[in-house]
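**Student:** Starting from these lines, generate the structure:
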Amino acid sequence: MPDNEKNEQAKAAKKDLKKSKPGFGARVSKWFREMKIELKKVQWPSRKQTVNNTLVVIACCIVVGICIWAFDWLAQSIFAALMNLFKG
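**Tutor:** Next up, the predicted model:
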């Protein structure tokens with residue numbers, strides 16, 4: 001019988017939890033309040049850091065773009081040379 005009593009107590013606890021569970025609006029409101037508190041803790045970068053990081057990203061994009069363009073040009077040239085070689 002002790003197991004049966006434990007099951008009944010667990011069911012009663014679940015019912016109490018469901019009754020005390022806040023509604024959707026309350027949960028959303030709590031989420032926004034907690035998000036606002038967390039965002040206040042964030043150490044935001046300075047304008048100088050943001051500009052510097054942006055320039056680094058732009059430079060990296062340009063370098064990667066040039067590498068992709070060079071590889072594409074090289075592959076196209078090799079393919080064209082092979083086509084001309086076997087074309088006869």
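
**Student:** Going by secondary structure, residue 8 is in what exactly?
**Tutor:** Assigned by DSSP states H and E, residue 8 falls within helix 2-20.

**Student:** With residue 32 instead?
**Tutor:** If you go by DSSP H and E, residue 32 is part of helix 24-41.

**Student:** List the contacts of that helix.
**Tutor:** With contacts defined as C-beta atoms under 8 Å, 6 or more residues apart in numbering, helix 24-41 is touched by residue 22. No exception for glycine: its C-beta is placed from N, CA and C like everyone else's.

**Student:** any idea how far it is from the chain center?
**Tutor:** Remark: helix 24-41 is offset 20 Å from the chain centroid, using C-alpha atoms, centre = their mean, to the nearest Å.

**Student:** And stretch 50-67, by the same measure?
**Tutor:** Put simply, stretch 50-67 sits 21 Å off its chain's centre (C-alpha atoms, centre = their mean).

**Student:** One more: stretch 72-85?
**Tutor:** In terms of C-alpha atoms, centre = their mean, the centre of stretch 72-85 is found 40 Å from the chain centre.

**Student:** What residues of it count as buried?
**Tutor:** Neighbour counts over stretch 72-85 (16 or more other C-beta atoms under 10 Å) mark no residue as buried.

**Student:** what's the average pLDDT for the helix or strand harbouring residue 74?
**Tutor:** Using DSSP H and E, residue 74 sits in helix 47-87. Across helix 47-87, the average pLDDT comes to 96.

**Student:** what is the rounded mean pLDDT of the helix holding residue 8?
**Tutor:** On average, the pLDDT along helix 2-20 is 66.

**Student:** thinking again about what came up before, in the helix holding residue 32, what's buried?
**Tutor:** Buried positions in helix 24-41, judged by neighbour count with 16+ other C-beta under 10 Å: none.
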